[in-house]
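[1] Sequence plus predicted model, see below.
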Amino acid sequence: MITQIRGRMVEKSPTGVVIDCNGVGYFVHISLHTFSQLTDSESIKLLTHLQVKEDAHQLYGFATAIEREIFRLLISVSGIGTNTARTMLSSLTPKQVREGIAAEDVALIQSVKGIGLKTAQRVIIDLKDKILKIYDIDETLSVSNNTNKDEALSALEVLGFAKKQSERIVMKILSNTPEASVEFLIKEALKNL
């Protein structure tokens, strides 16, 4: 299995890069999260996951080991393929995916294009215990954050703001300050809405 690739980046787009390794060009699928972490230097190293199918061998590249681990966990869920997992890691950061699953935040997982209610619930059911175990997340902490987030979101909804937009902004605030109170979340969200 190809676990990493290092070489000269010859092409770069938001969905993939071509890496030249001693004269052989490898096309590597990437998420927007990895794309945002790529520099303009020619030398590049990506951690990879090789997906072998009947009709294709595809490489998926990641800037960090955590993103690759989350990707592998996601594709282990029935109904989540490599494209859906990559879309999820393009819409949310690996940290947001991890914390959303740990906090049983169905709305966050469902906010990703192509994921419906049942798939979001299946992701949480299948991966919550693994996420809590692998990343040693305290379950009570994730639940209290979820409560603060829920209260802030319902307050913003009462004020007339769209739920999806409010949710993105609140998740962004929580990713920077996980211990944020309800009042802090609402005030910061109102500045960005």
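    In hand now; what should we look at?
[2] Name the residues of stretch 34-47 that are buried.
    For stretch 34-47, the neighbour count (16 or more other CB atoms under 10 Å) marks 34-35, 44, 46-47 as buried. The C-beta positions use only the backbone N, C-alpha and C, and glycine is treated the same way.
[3] Repeat that for stretch 111-122.
    111-112, 115, 119-120, 122.
[4] And these, which is closest to Arg86?
    The nearest member of the buried residues of stretch 111-122 to Arg86, counting by CB to CB, is Val112 at 10.6 Å.
[5] residues in contact with the nearest residue to Gly16 once chain neighbours are set aside?
    Sequence neighbours aside, His29 is the residue nearest to Gly16 in space, at 5.1 Å (criterion: CB to CB, 6 or more residues apart in numbering). By CB atoms under 8 Å, 6 or more residues apart in numbering, the contact set of His29 is 15-16, 58-61, 82, 86.
[6] measure the residue sitting furthest away from the middle of the chain to Lys12 for me?
    Most distant residue from the mean C-alpha position of the chain: Gly23, 32.6 Å away (CA atoms, centre = their mean). The gap separating Gly23 from Lys12 is 19 Å, by CB to CB, to the nearest Å.
[7] pLDDT below threshold where in the protein?
    Applying pLDDT under 70 to the chain flags the ranges 135-146.
[8] Let me see the domain layout of it.
    4-62, 65-134, 139-192 (automatic domain parsing).
[9] For these, state which one has the densest average packing.
    domain 65-134 (a mean of 19; mean count of other CB atoms under 10 Å).
[10] Can you give the distance of that one from its chain's centre?
    7 Å (CA atoms, centre = their mean, to the nearest Å).
[11] host element of the spatially most central residue of the chain?
    In the chain, the C-alpha nearest the mean C-alpha coordinate belongs to Leu89, at 3.2 Å (CA atoms, centre = their mean). Using DSSP states H and E, Leu89 maps to helix 82-91.
[12] Skip ahead from that helix and say which helix or strand is next.
    Scanning onward from helix 82-91 (DSSP H and E), the first element met is helix 94-102.
[13] by contact count, what packs against the helix or strand just after that next one?
    Helices and strands here follow DSSP H and E; after helix 94-102, the next one along the chain is helix 106-110. Counting contacts by 3 or more CB pairs under 8 Å, 6 or more residues apart in numbering; DSSP states H and E, helix 106-110 is packed against helix 94-102, helix 117-134, helix 163-176.
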